[in-house]
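Enquirer: Structure of the sequence below:
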Amino acid sequence: MLDRATRAASAPGKAHDGSIRIAAIQMAAGPNISGNLEEAARLLDMAASQGAKLAALPEYFCIMGMQDADKVAAREQDNHGPIQEFLSQTAKRLGIWLVGGSVPLASSRPDKVRNSCLVYDDKGKQVARYDKIHLFGLELGNERYAEEETIEAGCGVVALESPFGRIGLSICYDLRFPELYRSMGKVDIIFAPAAFTATTGKAHWETLIRARAIENLAYVVAPAQGGYHVNGRETHGDTMIVDPWGVVLDRLPRGSGVVIANINREYQASLRNSLPALKHRTLYHC
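Expert: A predicted model of the protein is given here:
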């Protein structure tokens with residue numbers, strides 16, 4: 001997969017057709033924050049060397065603790081702390097826009113965090129923050145997940161303008177709630193950093209990502225945790241970038257690595273002109 005991405009990156013940055021190269025990072029993070037940041041830096045360096053001008057890290061890229069409460073202990077205040085400093089400095093050093101997966105930030109509850117996706121521009125300035133709205137819960141066989149026990153849900157939909165088009169932010173479980181993406185308005189690129197379980201990922205991951213791309217005629221960038229973690233958890237992986245027609249442009253099934261693709265706004269505009277589904281919505285008028 002990396003070899004294929006490297007071959008595709010012969011022209012860094014803006015390609016001959018006016019498209020922009022974009023990268024999604026896949027990791028299998030552990031409980032050691034500094035080690036995770038080192039791995040994230042290595043992979044982001046690789047993405048930038050292949051011409052990426054916009055890159056995204058997966059959910060929980062900075063910590064996958066031995067217990068859910070570990071991320072509460074690692075929480076940072078907004079705009080303060082080593083994880084946020086890493087994101088800012090890396091974006092500035094590489095001259096890229098960086099979507100920082102998710103970072104545990106302080107909430108109104110001492111026993112909970114906000115699971116926050118932070119965006120930095122190529123000067124290292126934080127330009128957006130999205131707090132995960134939909135909190136994952138699953139009881140299936142021996143698997144049990146209850147994010148509400150350690151995460152305080154956000155309530156604000158976030159979309160922002162960028163040099164690459166209008167960006168919409170979401171995190172993992174949000175993928176199951178299409179109304180969130182409709183609430184963003186007309187967005188060109190959707191980010192969905194994730195840590196899908198192996199069980200739910202095998203069943204639904206690709207279907208959900210491609211559905212969100214097709215129904216919004218948007219590029220969807222889905223950087224994921226992928227592999228076995230020290231805490232015993234297994235995540236699905238299969239990081240992918242999907243175009244507005246639902247075509248998977250590049251993917252990485254398992255392990256650490258970089259997924260690379262070009263986003264082409266002219267191609268996207270032509271699809272939206274040919275199939276103006278976003279203009280055909282009528283239910284909200286009834």
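Enquirer: now what about the helix or strand hosting Tyr145, what contacts it?
Expert: Following DSSP states H and E, one finds Tyr145 within strand 143-146. Residues from elsewhere that reach strand 143-146 (C-beta atoms under 8 Å, 6 or more residues apart in numbering): Phe136, Gly137, Leu138, Thr197, Thr199. Yep, even glycine has a C-beta here, placed from its N, CA and C like the rest.
Enquirer: In PyMOL, select just the buried ones from the residues you listed.
Expert: With 16 or more other C-beta atoms under 10 Å as the burial test, the buried ones among the contacts of strand 143-146 are selected in PyMOL as follows:
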select buried, resi 136+197
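Enquirer: out of the contacts of strand 143-146, what pair is the most spread apart?
Expert: Gly137 and Thr199 (13.6 Å; C-beta to C-beta).
Enquirer: For burial, what's the neighbour tally of the nearest residue in space to Ile151 that is not next to it in sequence?
Expert: In space, and not counting its chain neighbours, Ile151 is closest to Asn115: 5.1 Å by C-beta to C-beta, 6 or more residues apart in numbering. Each residue near Asn115 was counted by other C-beta atoms under 10 Å, and the total is 29.
Enquirer: ok but Asn115 is inside a strand, no?
Expert: Yes - with DSSP: H, G, I helix; E, B strand; the rest coil as the criterion, Asn115 is part of a strand.
Enquirer: three-state assignment of Val259?
Expert: Strictly by three-state DSSP, Val259 counts as strand.
Enquirer: circling back: restricted to helices, list the contacts of strand 143-146.
Expert: Thr199 (DSSP state H).
Enquirer: so which of the contacts of strand 143-146 would you say is closest to Val187?
Expert: Nearest to Val187 among the contacts of strand 143-146, counting by C-beta to C-beta, is Phe136 at 22.8 Å.
Enquirer: For the closest residue to that closest one other than its chain neighbours, what are phi and psi?
Expert: With C-beta to C-beta, 6+ apart as the criterion, Phe136 has its nearest non-adjacent residue at 4.1 Å, and that residue is Tyr173. Torsion angles at Tyr173 (phi, psi; degrees, to the nearest 10) stand at phi -60, psi -20.
Enquirer: In terms of pLDDT, where does the residue nearest to Gly237 when sequence neighbours are not counted sit?
Expert: Of all residues not flanking Gly237 in the chain, Gly226 sits nearest, at 2.1 Å (C-beta to C-beta, 6+ apart). Looking at Gly226, its pLDDT stands at 96.
Enquirer: number of nearby residues for Gly226?
Expert: 26.
Enquirer: bridging residues for it?
Expert: His236 (DSSP bridges).
Enquirer: Next one: it from Met64, what distance?
Expert: 12 Å (C-beta to C-beta, to the nearest Å).
Enquirer: Please apply the same query to Asn216.
Expert: 29 Å.
Enquirer: same thing with Pro276?
Expert: 42 Å.
Enquirer: again, but for Phe196
Expert: 13 Å.
Enquirer: re the thing from before, quick check, nearest of the contacts of strand 143-146 to Glu234?
Expert: Out of the contacts of strand 143-146, the member with the shortest distance to Glu234 (by C-beta to C-beta) is Thr197, at 7.3 Å.
Enquirer: give the contact list for the closest one.
Expert: For Thr197, the contact set (C-beta under 8 Å, 6+ apart) comprises Leu138, Glu143, Tyr145, Arg233, Glu234, Thr235, His236.
Enquirer: I'd like to know which of those are buried.
Expert: Buried members of those, counted by 16+ other C-beta under 10 Å: Tyr145, Arg233, Glu234, Thr235, His236.
Enquirer: can you tell me which two in the residues you listed are farthest apart?
Expert: The widest separation within the buried ones among the contacts of Thr197 (C-beta to C-beta) is 13.3 Å, between Tyr145 and His236.
Enquirer: hey, what's the residue nearest to Thr200 when sequence neighbours are not counted bridged with?
Expert: Once flanking residues are discounted, Thr200 sits nearest to Leu138: 6.9 Å by C-beta to C-beta, 6+ apart. Leu138 forms beta bridges with Tyr145, as assigned by DSSP bridges.
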